[in-house]
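Asker: Whatever this is, show me its structure:
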Amino acid sequence: MDNRAAVFIDGAYLTKILDLDFGKPKIDLAGFSDLLCGKDERLRTYYYNCMPYQSCPPTEEERRRFAAMDKFVYTLKKLPRFEVRLGRLGCVGGEFIQKRVDIALAADLVRLSYGRMIGKAVLVTGDSDFVPAIEAAKEAGVVVVLYYSPSSIHDELLSAVDESATIDQELISRVER
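Answerer: Below is the predicted model of the structure:
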């Protein structure tokens, strides 16, 4: 399926760059996904993230953040051709880290590539942990395109992909709600 693309969004990364680089705009993620696919048909967008931490019992702020994310995930799941993959938060040395998110993205990328379901994979991330999955997708004949922020990117990731483009104000303005 050379003319079909899948979009893989690292939700924590996208949120971080929207907050730090663009002042927390609200964007239309379906329109954003379609724009990133260009002339290719978007098979599906996969959005990866974790629900916020809640202590036991949760604080009012934790409840508020969890409810906001829950509403956001519910809205995403209703979008056409969207899949939401939620990992979980783990606590290592007092610091919360996402678990199962990167591996879910990598597994989906490799599965769709070797299943010949896509000809192009569009990634929105800055994490070099995806390099082995990117290399596998390329070996399967998939063109891998990376959209990223120059403020948060690993050189190894940039070197691994076939094509790359920055997420800039012009792009954000086109999909801002």
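Asker: Model confidence for M1, exactly?
Answerer: You'll see M1 listed with a pLDDT of 59.
Asker: no no, G31
Answerer: So, for G31, pLDDT stands at 96.
Asker: Could you give me the buried positions within the host helix or strand of it?
Answerer: Secondary structure from DSSP states H and E places G31 in helix 29-37. For helix 29-37, a neighbour-count test (16 or more other Cβ atoms under 10 Å) marks L29, A30, F32, S33, D34, L35, L36, C37 as buried. C-beta here means a position set from N, CA and C on the backbone, and glycine is covered the same way.
Asker: Could you tell me how many residues sit around F96?
Answerer: Each residue near F96 was counted by other Cβ atoms under 10 Å, and the total is 12.
Asker: do the same with K120
Answerer: K120, neighbours per other Cβ under 10 Å, totals 25.
Asker: Give me the distance between the two termini of stretch 111-128.
Answerer: 19 Å (Cα to Cα, to the nearest Å).
Asker: Scan the chain for its longest strand.
Answerer: Looking across the chain with DSSP state E, the single longest strand is strand 41-49.
Asker: all helices for the chain, in order.
Answerer: 11-22, 29-37, 60-78, 101-114, 131-139, 155-160, 169-175 (DSSP state H).
Asker: Can you tell me how far V84 is from Y47?
Answerer: 5 Å (Cβ to Cβ, to the nearest Å).
Asker: just V7 next, same as before
Answerer: Distance, V7 to Y47, using Cβ to Cβ: 9 Å.
Asker: Now do R44: how many residues are near it, please.
Answerer: R44, neighbours per other Cβ under 10 Å, totals 18.
Asker: Please tell me I have it right and it contacts P80.
Answerer: No. Between R44 and P80 there is no contact under Cβ atoms under 8 Å: 9.3 Å.
Asker: Looking at V7 and Y47, which has the bigger crowd around it?
Answerer: Taking neighbours as other Cβ under 10 Å, V7 and Y47 compare with V7 leading, 28 against 24.
Asker: where does this structure have low pLDDT?
Answerer: Residues of the chain meeting the criterion pLDDT under 70: 1.
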